[in-house]
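Trainee: from the sequence below, what's the structure:
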Amino acid sequence: MSQLAYRRVLLKLSGEALMGNEDYGIDPLVLNRLAREVIEAQQAGAEIALVIGGGNIFRGAGLAAGGMDRVTGDQMGMLATVINALAMQDALEKLGAKCRVMSAIKINDVCEDYIRRRAVRHMEKGRIAIFAAGTGNPFFTTDSGAALRAIEVGADLLLKATKVDGVYDKDPKKHADAVLFDKLSYDEVIARNLQVMDTAAFALCRDSDLPLRIFDMSQPGVLLRILRGEPIGTLVQGRNAGL
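Mentor: Predicted structure coming up:
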């Protein structure tokens with residue numbers, strides 16, 4: 001533990017991160033690679049929790065825009081996150097890790113109910129905790145679910161894995177002169193409307209003084225490097241971090 005800068009972390013993965021080069025669903029090779037990264041970080045001494053989105057299977061907000069009832073769409077999205085959580089649990093356990101999936105909605109035949117004290121105990125016992133079904137409420141994204149769970153379990157850092165290597169002042173895929181930020185404050189992110197996470201998630205982190213690091217998960221070994229304190233990606237914290 002002496003070599004790690006963070007004792008307990010929560011890693012937020014998008015559902016799309018599991019797709020690899022596929023158009024839909026889960027790429028087993030990508031799932032296995034991500035599982036190995038998580039296990040490597042845990043074996044170094046960190047307590048790890050995961051939140052995985054469901055966008056590779058279903059997006060409630062997207063179908064709601066097409067006419068589906070928003071609450072129904074979001075509930076379907078929550079079930080998609082349970083599917084991804086169970087897939088990750090299987091990948092982790094096949095590699096020898098101990099893992100528990102905990103759901104914000106009752107689905108006891110396939111996983112545990114989320115109970116904060118039990119979640120913390122799982123992590124203290126060396127189990128990887130995967131929190132599924134977001135907050136259990138419609139109108140909240142899995143980003144908000146990740147922020148909420150990170151605060152509840154006392155995480156030292158919230159990690160959000162993306163397809164880019166941090167937060168830019170504009171879309172780096174469209175603008176060659178886009179500038180990467182090393183550090184930002186939460187207020188700066190909201191004021192600049194840098195839409196990397198939803199505003200509710202940012203506000204939760206800001207009000208609880210929980211640091212957030214946004215980074216590209218595709219680099220081998222990057223998770224462990226961050227836990228050892230390397231300044232990879234963009235760190236968002238406090239109210240004046242970027243000043």
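Trainee: after the lowest-mean-pLDDT helix or strand in the chain comes which helix or strand?
Mentor: The helix or strand of the chain with the poorest confidence is helix 60-65; it has a mean of 69 (mean pLDDT, DSSP states H and E). Counting by DSSP states H and E, the next helix or strand C-terminal to helix 60-65 is helix 70-94.
Trainee: buried stuff in that next one?
Mentor: Neighbour-count burial for helix 70-94, counted by 16 or more other C-beta atoms under 10 Å, picks out 73-89, 91-92. Quick note: C-beta positions are derived from backbone N, CA and C, even for glycine.
Trainee: then stretch 25-37?
Mentor: 26, 30, 31, 33, 34, 35, 36, 37.
Trainee: turn these into JSON lines, including secondary structure, pLDDT and distance to residue 216.
Mentor: Formatted as JSON lines, those follow (DSSP: H, G, I helix; E, B strand; the rest coil; pLDDT from 0 to 100; distance: C-beta to C-beta, whole Å):
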{"residue": "26", "secondary structure": "coil", "pLDDT": "96", "distance to residue 216": "20"}
{"residue": "30", "secondary structure": "helix", "pLDDT": "95", "distance to residue 216": "14"}
{"residue": "31", "secondary structure": "helix", "pLDDT": "97", "distance to residue 216": "18"}
{"residue": "33", "secondary structure": "helix", "pLDDT": "96", "distance to residue 216": "14"}
{"residue": "34", "secondary structure": "helix", "pLDDT": "97", "distance to residue 216": "13"}
{"residue": "35", "secondary structure": "helix", "pLDDT": "98", "distance to residue 216": "18"}
{"residue": "36", "secondary structure": "helix", "pLDDT": "97", "distance to residue 216": "17"}
{"residue": "37", "secondary structure": "helix", "pLDDT": "97", "distance to residue 216": "12"}
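Trainee: alright, I will stop here.
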